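Colleague: only geometry, no sequence info:
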């Protein structure tokens, strides 16, 4: 289907260690969509000292090339992310 994004990644039940995305340009934003059920994951943006709730249904736009980001381990539930 047509999309304004150049790539799509589906991530299931995986901890994402702190990183910056290698592709893209600093001026472009990435859409992260948290799906699943019953999880209470947290999205950490280390560069700005933020830890955000990343529950199912959360959508976040970040510049993944600029901001170092990670998802820490969660205790229960299934987590799926479309990035």
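Modeller: Okay, I see it. Keep in mind it's a predicted model, so treat the numbers as computed, not measured. Residues are numbered from 1 along each chain as shown.
Colleague: The helix or strand containing residue 70 - what's its average pLDDT?
Modeller: Counting by DSSP states H and E, the element that carries residue 70 is strand 69-71. What strand 69-71 shows for mean pLDDT is 93.
Colleague: For that strand, name the packing helices and strands.
Modeller: Applying 3 or more C-beta pairs under 8 Å, 6 or more residues apart in numbering; DSSP states H and E, we find strand 69-71 packed against strand 16-19, strand 42-45. In short, each C-beta sits where N, CA and C put it, glycine included.
Colleague: and the next element down the chain from it?
Modeller: That would be, after strand 69-71 and using DSSP H and E, strand 78-82.
Colleague: hey, what's residue 61 bridged with?
Modeller: Listed beta-bridge partners, residue 61: residue 31 (assigned using DSSP bridges).
Colleague: Next up, the contacts around it.
Modeller: Contact analysis of residue 61 by C-beta atoms under 8 Å, 6 or more residues apart in numbering lists 29, 30, 31, 32.
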